[in-house]
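S.K.: pasting the structure only:
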């Protein structure tokens, strides 16, 4: 089988299957949690729940990644904050603001949007790769992380790292042929799509649960100055 | 067999002087696209500057070898590759025919027709058995006994196999002969095949393109003539000298790609400024061909330069490559909304079932606790 | 295996969408660890908040998810054992104060403190509550107070306070507006607090009472994680409030009691219709803003003074502005904030029942060293707080570490600085 054929398979039928598994799997995870039973909160609120939710999201997305030093815990372990933030920012920029990926969204959604130039996206991708390596080493070395990490955590890292690094090598035409790397990249992406609903990478969906719950709780209690 | 007259002898007989002969040798050598030095590549690329010894080699070949007999078969084709080679300017087809090759059979170009043409072919195959170059244009079909493409009542695959038997070398010109081309594109009612899917016991050089670049055709023939062997081939059996780099790697608009300046539509500002055509569906990054280096019309231009995204026509299956105007990074097919809906639906159903089972567990746990007195 | 089964049942029963969605959100990033004072002071990775709620995750995944069940079947995960319960009893009761600081730093916003409390609930169902805690709870069930202060002792004590501080303590007054519920910690360890609060209520002209039936605001059932006991203790207060026909119940200087009465009770039981629940800290703010009490400006301004944020009154109670309002009046030049503060403040190390458990003493002292660092950093030797459990920890540690500090209660400062 030539790399050309691998590429057509990975971009074609395998991608379709991976997409279906992703959609079906994530829906399953969502519904399983959504229908598990939610109790009505009868506690009278002291502050506004909705303001709490709004502030929680703003703090989480806007302040958190960019001004980590508002939290005392940053000083105690800057690595997790910086590397974690850099990784997520890089990933976000690459996936949504990189031209090549925007075209994928366009084909799936029917509309596209303006993107950033390649050098910027490239540096963000490089930053994300470096951050991932730092996080990997940290997880190996830090006694707490070693204790709470199982095979799932290592797999999560690998399955996310592969598309990132193959994409980078591919864009830079570093080693092997472009078609080869493109095929590997697509295979890695297909693996990621299939793996997400089976793993904690799905946390990006549950983020909206935990953040909203957090904002509601603290808004209710009038905390969130 | 009588000794055949060499090319140089023939040229001399026709009044082509020594100086002219030298020029021809140099010209041919130049377009063989061979490495500058043995075993090294400059910047990873085969340049087209010939070594002095190479010119000598070409000259020697012309001095000692007779013209190569060539049989050109056409099957499920559009004759576009014939049209292409006849536009070659370096060397011209005329030059080629006059100087280096001896076309024994070519349906589009030859004057003869019908039984006369077929007889000429048979005679050539007999006379030059083991020596002739077989060029194939158009894809082969074996479906239903090959009945969808017949010449003189014979099925195309039989014709091909027959001609391949006595061929010294087989060249498949164009995407159809190389990989199946248009007849292999979905829904492929005749299931078009490439030559090397039918002829599996002899090496086949693929010179894909839709059509291929004229100079690629002519110079591959010259290569065979000069060296008596096939050039170095890649994994798809294409000569590395012409198919070794991608369009993307030689494209004049590459700096725009790197800077992220793209044309968004066929008449927007970016397009008029000549920005990169990646967003308009250019397949340059995965397409191996010489369009961006040798270019077309004797180096005049090539699709991207003229403002059209590369179709990827030298790659297998390019017709089914996801749409000519869809970005290359996009998946090959638009996801079937019905399938996605079904997937989401099953996720929903299974999730609801799981949640129900879990809720039942909770109820059982509460009952057990109440029973045990909590 | 019986104990474990009970625990598992409790896990299963209490896990609904609220818990499940948060468990699903955890990515094992470990950031919560850096916020936990027990981890920071000891370096023991087992004190990591995410690890403290590990049993809940295992129970959830092992019972409610396909992958979890598969992992159990394949032996990748082990079923929860009796030995596990022993380990988690130690770390969840002795090395966690349920301060919820971890919830603040979690990038996903997971309410880790509540989830750890869920683990306590399961441990309680399995009869795995630490001895000291269980005994104290038993005393509260029988005598009405974890310190064993029964009704007679209580009455005597209240009389003595009235005499000693020359205050009027209105007991069982029918139809008063506000019913103040004190803690037996205040009663026995900081009795002046009751007098001070009485003084403030009088100065503010509040119509108030204390109930002899609903006399204990501390809730050891909450520490245990035992819903039945929690509700029992809450009911005493609410029944008393209903009997006396008051409009509002005021929790005095106790943290977790506020958590139980104000933020948990409504979801556990029927709270009397229209009854308000408030905290003395909140009322102080109200009184000040309405001009019902006036403070002597600069009354405590001679040396630097700081404020210790109590986890359940500030971080989880929302009364962050009021103490600062008060201290800015009393010490406008010398009030300094600790770093970190407010909802990110560091726990005193003694809440959540930890101070009642002897085995946890060393952990509690280790954790307090973080507070010492905070105080040293700002050069303060005077600190005020609104929770008497924190105050108990601070005074105990001042003695243990031989510190040259003065520890104030918020109500104490206000009462001593009333301007008339």
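M.R.: Sure, I can see it. On a predicted model such as this, the values are computed, not experimentally measured, just so you know. Residues are numbered from 1 along each chain as shown, chains lettered A, B, ... in the order given.
S.K.: averaged pLDDT, stretch A:54-69. What do you get?
M.R.: Averaged across stretch A:54-69, pLDDT comes to 68.
S.K.: nope, stretch B:133-140 is what I meant
M.R.: Mean predicted confidence for stretch B:133-140 is 94.
S.K.: again with stretch B:58-71
M.R.: 82.
S.K.: give the next helix or strand downstream of the helix or strand containing residue C:87.
M.R.: Using DSSP states H and E, residue C:87 sits within helix C:82-89. Per DSSP H and E, the first helix or strand lying C-terminal to helix C:82-89 is helix C:101-105.
S.K.: helices or strands up against that following helix?
M.R.: Judged by 3 or more CB pairs under 8 Å, 6 or more residues apart in numbering or on different chains; DSSP states H and E, helix C:101-105 is in contact with helix C:112-125. No exception for glycine: its C-beta is placed from N, CA and C like everyone else's.
S.K.: and the angle for the helix it packs on with helix C:82-89?
M.R.: Helix C:112-125 runs at 130 degrees relative to helix C:82-89, counting by axes from the mean of the first three to the mean of the last three CA atoms, to 10 degrees.
S.K.: return the residues in contact with residue C:367.
M.R.: With contact set as CB atoms under 8 Å, 6 or more residues apart in numbering or on different chains, residue C:367 has these partners: C:37, C:38, C:41, C:347, C:348, C:349.
S.K.: phi and psi next, for the second one.
M.R.: Comment: the main-chain dihedrals of residue C:38 come out as phi -70, psi -40, following degrees, to the nearest 10.
S.K.: residues near it, how many?
M.R.: Other residues lying near residue C:38 total 28 when counted by other CB atoms under 10 Å in any protein chain shown.
S.K.: do you know how far it is from residue C:311?
M.R.: Between residue C:38 and residue C:311 the distance is 13 Å, computed by CB to CB, to the nearest Å.
S.K.: cool, and the third one?
M.R.: Counting by CB to CB, the gap from residue C:41 to residue C:311 is 16 Å.
S.K.: per-residue pLDDT, residue C:310?
M.R.: We have a pLDDT of 95 for residue C:310.
S.K.: hmm, back to that, just the buried ones out of the contacts of residue C:367, please.
M.R.: Among the contacts of residue C:367, those classed as buried by neighbour count (16 or more other CB atoms under 10 Å in any protein chain shown) are C:37, C:38, C:41, C:347, C:348, C:349.
S.K.: what's the distance between the third one and chain B?
M.R.: In this case it means residue C:41. Separation of residue C:41 from chain B (CB to the nearest CB, to the nearest Å): 37 Å.
S.K.: am I right that that residue is in contact with residue C:366?
M.R.: Yes: using CB atoms under 8 Å, residue C:41 is in contact with residue C:366, at 4.1 Å.
S.K.: so what sits against both of these two?
M.R.: Taking CB under 8 Å, 6+ apart as the criterion, residue C:41 and residue C:366 both touch residue C:349.
S.K.: before we move on, back to that, among the contacts of residue C:367, which ones are in helices?
M.R.: Those of the contacts of residue C:367 mapping onto helices are C:37, C:38, C:41, per DSSP state H.
S.K.: right, is the one helix or strand residue C:57 maps to up against chain B?
M.R.: Taking DSSP H and E as the definition, one finds residue C:57 inside helix C:54-64. Yes: using CB under 8 Å from any CB of the partner chain, helix C:54-64 comes into contact with chain B via C:63, C:64.
S.K.: list the helices and strands that helix packs on?
M.R.: helix B:337-371, helix C:2-14, helix C:17-25, helix C:66-74, helix C:82-89, helix C:112-125.
S.K.: picking that back up, what do residue C:38 and residue C:311 both touch?
M.R.: Contacts common to residue C:38 and residue C:311, judged by CB under 8 Å, 6+ apart, are residue C:97.
S.K.: and the nearest residue to residue B:67 once chain neighbours are set aside, which of the three is it?
M.R.: Spatial nearest neighbour of residue B:67, excluding adjacent residues (CB to CB, 6 or more residues apart in numbering or on different chains): residue B:102 at 4.4 Å. State at residue B:102, reduced to three classes by DSSP: H, G, I helix; E, B strand; the rest coil: strand.
S.K.: who in the stretch 101-250 of chain C is up against chain A?
M.R.: C:103, C:105, C:106, C:107, C:108, C:109, C:110, C:111.
S.K.: the residues you listed: which two are farthest apart?
M.R.: Pairwise distances across those peak at 13.4 Å for C:107 and C:111 (criterion: CB to CB).
S.K.: could you list the low-pLDDT ranges of chain B?
M.R.: Scanning chain B with the threshold set as pLDDT under 70 gives B:1-2, B:30-52, B:90-91, B:93-94, B:96-99, B:373-374.
S.K.: distance check, the residue nearest in space to the middle of it against chain C.
M.R.: Centroid check for chain B by CA atoms, centre = their mean gives residue B:208 as the closest residue, at 1.0 Å. To chain C, residue B:208 is 47 Å away according to CB to the nearest CB.
S.K.: same thing with residue B:281?
M.R.: Residue B:281 is 38 Å from chain C, where distance means CB to the nearest CB.
S.K.: contact partners for the nearest residue to that residue once chain neighbours are set aside?
M.R.: Excluding the flanking residues, the one nearest residue B:281 by CB to CB, 6+ apart is residue B:325, at 4.0 Å. Residue B:325 is in contact with B:280, B:281, B:309, counting by CB under 8 Å, 6+ apart.
S.K.: repeat for residue C:45
M.R.: Here residue C:45 is in contact with A:143, A:144, A:146, A:147, C:33, C:39, C:51 (criterion: CB under 8 Å, 6+ apart).
S.K.: contacts for stretch C:130-140 next, please.
M.R.: Stretch C:130-140 is contacted by residues C:89, C:93-94, C:129, C:145-148, C:216, C:218, C:220-221, C:223-224, C:226, C:229, C:233, C:353, C:356-359 when judged by CB under 8 Å, 6+ apart.
S.K.: filter these to the buried ones?
M.R.: By 16+ other CB under 10 Å, the contacts of stretch C:130-140 give C:89, C:93-94, C:129, C:145-148, C:216, C:218, C:220-221, C:223-224, C:226, C:229, C:233, C:353, C:356-357 as buried.
S.K.: quick one: buried residues of stretch A:197-209?
M.R.: For stretch A:197-209, by 16+ other CB under 10 Å, it's A:197, A:198, A:199, A:200, A:201, A:202, A:203, A:205, A:206, A:207, A:209.
S.K.: shouldn't the second one be in contact with residue A:24?
M.R.: No: under the criterion of CB under 8 Å, residue A:198 is not in contact with residue A:24, lying 11.5 Å apart.
S.K.: can you tell me the distance between the two ends of stretch B:128-142?
M.R.: This stretch, stretch B:128-142, spans 28 Å end to end (CA to CA, to the nearest Å).
S.K.: which of the residues in it are buried?
M.R.: By 16+ other CB under 10 Å, the buried positions in stretch B:128-142 come out as B:128, B:131-142.
S.K.: just the strands in chain B please.
M.R.: B:68-74, B:101-106, B:132-137, B:150-151, B:154-155, B:167-173, B:204-207 (DSSP state E).
S.K.: so what touches the fourth one?
M.R.: Residues from elsewhere that reach strand B:150-151, judged by CB under 8 Å, 6+ apart: B:118, B:156, B:159.
S.K.: near chain A, which residues of the stretch 1-150 of chain B are found?
M.R.: So the stretch 1-150 of chain B never meets chain A (CB under 8 Å from any CB).
S.K.: what residues does the stretch 1-150 of chain B put near chain C?
M.R.: Counting by CB under 8 Å from any CB, no residue of the stretch 1-150 of chain B is near chain C.
S.K.: count of neighbours near residue C:351?
M.R.: Neighbours of residue C:351 (other CB under 10 Å): 24.
S.K.: would you say it is within a helix?
M.R.: No: per three-state DSSP, residue C:351 lies outside any helix segment and is coil.
S.K.: right, and residue C:28 touches residue A:146 too?
M.R.: No: the pair residue C:28 / residue A:146 is not scored as a contact, 11.0 Å apart, by CB under 8 Å.
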